[in-house]
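K.L.:
next input, structure requested:
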Amino acid sequence: MPVIEKLPTWTFVPAVFAVFSVISYQILIAPDNLNGTKNVLSMAKTIPLPVDGPESIEWDPQGGGPYAAVVDGRILKWRGDGLGWVEFAYTSPHRGNCSRHEVVPTCGRPLGLSFEKKSGDLYICDGYLGVMKVGAEGGLAELVVDQAEGRKVMFANQMDIDEEEDVFYFNDSSDKYHFRDVFYVIVNGERPGRVIRYNKKTKEAKVVMDNLRCNNGLALNKDRSFLISCESATGLVHRYWIKGPKAGTRDIFAKVPGYPDNIRLTPTGDFWIGIHCKKNLLGRLVVNNQWLGKLVEKTVKLELLIGLVNGFKPHGVAVKISGETGEIVEILEDKEGKTLQYVSEAYERDDGKIWFGSVFTPAVWVLDRK
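P.N.:
You can find the predicted model right below:
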């Protein structure tokens, strides 16, 4: 009978390493599975852009648009299938070295967009320059505010306008980083985030909420009695009361899964929140332990950190919460990221269609629920 030779121990090492890698990925890095979601976002229609990162989208008072804030410092306007995307505005006059695929700080980085209905002005939160505005004719935006209570606005993120009171509210997400380093803001454990109220008549910028961890999205509720602002790091949605017996106070309104981004009020008074990605165990360990977050901040390159946060598996998620109770009403997903990835915003229109933006991908998407 043939003699079976004993294999050297080292020949088993690759197999053991492969098994260990798979198990480690599933435990530490794979994105969470969310219960009760609707995996329908892969059916959304894709509208490509010539530039990456339509982080926020908006429509003008006449219903034109959408307008999209993109990575090269411009705001583009969709003119339909025939004309496509055309340039509408830009936040910086320095256009010489702007890139269509990555942030160049001198070019600015427009984020949250909000049209003022009575004037037709478009207000823009720029992640480098502050809050800007541009008239209905477009062109170069002008600075509105870039400091509040003696501190520079480093990272204007999203805003909403109370036209009756002639004020607007916006997030300033960091006192150290601008937009490009947003993931370090998420992991480092610091709470420099602020919500600022700007009075357009008096030009006063007043901090109404602080001590926030990478506050990202912001929206007023339907009757403008309160606003909500979400922390990307924790998933907490903070509420600040503007009117009524609780005016001037704050509380926790909701908690959502994943890393929340922009917030948009729906026609019925609920809120859609774009979710950059779902969390994983490694992300939770980093976010919940400041010493580990500080270590990551100092030693891990940004590109690797982005991959670790999303489990090296980009996907699409949006969460709808009740405008009255903060309870989660609905979660929409593209679990495999076949169509949607890195959702920054979900914007529901009166016709029932939901439009989606992305902080990285060169496309917007529209889902027709009907």
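K.L.:
center of the chain - which residue?
P.N.:
With distances taken as CA atoms, centre = their mean, the residue of the chain nearest its centroid is D261 (2.8 Å).
K.L.:
pretty sure that residue contacts V359?
P.N.:
Yes: with contact defined as CB atoms under 8 Å, D261 counts as touching V359 (7.0 Å). Where C-beta positions appear, they are placed from N, C-alpha and C, glycine not excepted.
K.L.:
quickly list what's touching both of the two.
P.N.:
E55, H276, S344 (CB atoms under 8 Å, 6 or more residues apart in numbering).
K.L.:
okay, and the residue nearest to the centre of the chain sits in which element?
P.N.:
When elements are assigned from DSSP states H and E, D261 belongs to strand 260-265.
K.L.:
so which elements touch that strand?
P.N.:
Counting contacts by 3 or more CB pairs under 8 Å, 6 or more residues apart in numbering; DSSP states H and E, strand 260-265 is packed against strand 156-162, strand 215-220, strand 226-231, strand 271-275, strand 343-348.
K.L.:
what is the orientation angle of the first one with strand 226-231?
P.N.:
Going by axes from the mean of the first three to the mean of the last three CA atoms, to 10 degrees, strand 156-162 is angled at 170 degrees with respect to strand 226-231.
K.L.:
and strand 156-162, C-alpha only, in CSV?
P.N.:
Below are the C-alpha coordinates for strand 156-162, written out as CSV (Å, rounded to 0.1, in the frame of the first residue of the first chain):
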residue,chain,number,x,y,z
ALA,A,156,-20.5,74.8,7.6
ASN,A,157,-22.5,71.7,6.7
GLN,A,158,-26.3,72.0,6.3
MET,A,159,-28.8,74.7,7.0
ASP,A,160,-32.5,75.6,7.0
ILE,A,161,-34.3,78.9,6.7
ASP,A,162,-37.1,80.3,8.8
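K.L.:
give me the mean pLDDT for the very next helix or strand once past that strand.
P.N.:
Using DSSP H and E, the helix or strand that follows strand 156-162 towards the C-terminus is strand 167-172. Throughout strand 167-172, pLDDT has a mean value of 98.
K.L.:
follow the chain on from strand 167-172 and name the next helix or strand.
P.N.:
Taking DSSP H and E, what comes next after strand 167-172 is helix 182-187.
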